[in-house]
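# The following block contains a protein sequence and its predicted model.
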Amino acid sequence: MNSTLWDKIELYIVSLWLLFLLIIVVTIDFPTYTGKGTTFIGFKEIINNNIIPLISILFLFLGFIFINRFRYKLDGSNKTPFEITHLENINYEHLTFLSTYIVPLIAFDLTKIKYVIVLIILLITIGGIYIKTDIFYANPTLALIGYRIYKVNGIFRTGIKNDIIIISREKIRKGMKVSYREINEKVYYVRVVK
């Protein structure tokens, strides 16, 4: 599997953080009765009752690792910076993904195995579409942790590129120089060159 495809898969998993968090809230099952005569049901029973929340916690943890990997990769970028000549803020893309995909999926009854299977099939299908159509940058989790999306034109060492998508933690302005890590030919992670 090439690194570009893996980067897209990682971004897709990160985009589902909010869904995983909501799944934990909706499905977690801890005994709360503490009255007279109660006994501890045991860790095995707690784990058996919380398989779906535990899997969601695993994916939250993986997302955390993937975000940190992207930061690390961007810090290590040695590509010649490019200059922004035109930009358009397209942060609304985050909200589109959230309202279209994440919110409806949480309505599934995850106590029934058939709905869990349907959810898994839908997540794999949405992920395939998300990656194949290159909309992996429309990521609500990135918005929540401070990333911004811009459509820009830029002057690169090799020439001018138009209508590329950049993802940045910093506010970008026309005329700035940014170092970058290419996710594909049209989408880059960037940081401002100081």
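On my side now, so go ahead.
# Listing request: residues of this protein with sub-threshold pLDDT.
Applying pLDDT under 70 to the chain flags the ranges 1, 32-35, 40, 74-78, 93-95, 97, 101.
# Which parts of this structure are helices?
Using DSSP state H, the helices of the chain run over residues 3-15, 17-27, 43-49, 51-75, 92-97, 103-105, 113-132, 140-144.
# Of all the residues in the fourth one, which ones are buried?
Read that as helix 51-75. Of the residues in helix 51-75, those buried by neighbour count under the rule 16 or more other C-beta atoms under 10 Å are I52, P53, I55, S56, I57, F59, L60, G63, F66, I67, F70, L74. Any C-beta I mention is one placed from the backbone N, CA and C, and that applies to glycine too.
# next one: the third one
For helix 43-49, a neighbour-count test (16+ other C-beta under 10 Å) marks N49 as buried.
# Give me the contact list for it.
With contact meaning C-beta atoms under 8 Å, 6 or more residues apart in numbering, helix 43-49 is reached by D29, F30, P31, L54.
# Show me which pair in those is furthest apart.
Within the contacts of helix 43-49, two members stand farthest from each other by C-beta to C-beta: P31 and L54, at 16.1 Å.
# List just the one of the helices of the chain that sits closest to N153.
helix 92-97 (18.0 Å).
# Verify the stated contact: T27 with K112.
No. Judged on C-beta atoms under 8 Å, T27 makes no contact with K112 at a distance of 11.3 Å.
# Out of the contacts of helix 43-49, which sit inside strands?
Counting by DSSP state E, no part of the contacts of helix 43-49 is found in strands.
# Distance to I160 for the residues you listed - can I get that in JSON lines?
Output for the contacts of helix 43-49, formatted as JSON lines (distance: C-beta to C-beta, whole Å):
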{"residue": "D29", "distance to I160": "57"}
{"residue": "F30", "distance to I160": "58"}
{"residue": "P31", "distance to I160": "63"}
{"residue": "L54", "distance to I160": "50"}
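# what's the closest of those to P140?
Closest to P140, out of all of the contacts of helix 43-49 and judged by C-beta to C-beta, is L54, at 23.1 Å.
# That closest one and G63: what is the separation?
Note on L54: its distance to G63, by C-beta to C-beta, to the nearest Å, is 15 Å.
# ok, now which ones touch I164?
I164 makes contact with K151, V152, N153, G154, K186, V187, Y188 under the criterion C-beta under 8 Å, 6+ apart.
# hang on, the earlier thing: closest one to E170 among the helices of the chain?
Distance to E170, taken as C-beta to C-beta, is lowest for helix 51-75 among the helices of the chain, at 11.4 Å.
# Next, the angle helix 17-27 makes with the closest one.
Helix 51-75 runs at 160 degrees relative to helix 17-27, counting by axes from the mean of the first three to the mean of the last three C-alpha atoms, to 10 degrees.
# Quick check, V26 in contact with F108.
No. Taking C-beta under 8 Å as the definition, V26 is not a contact partner of F108, at 9.1 Å.
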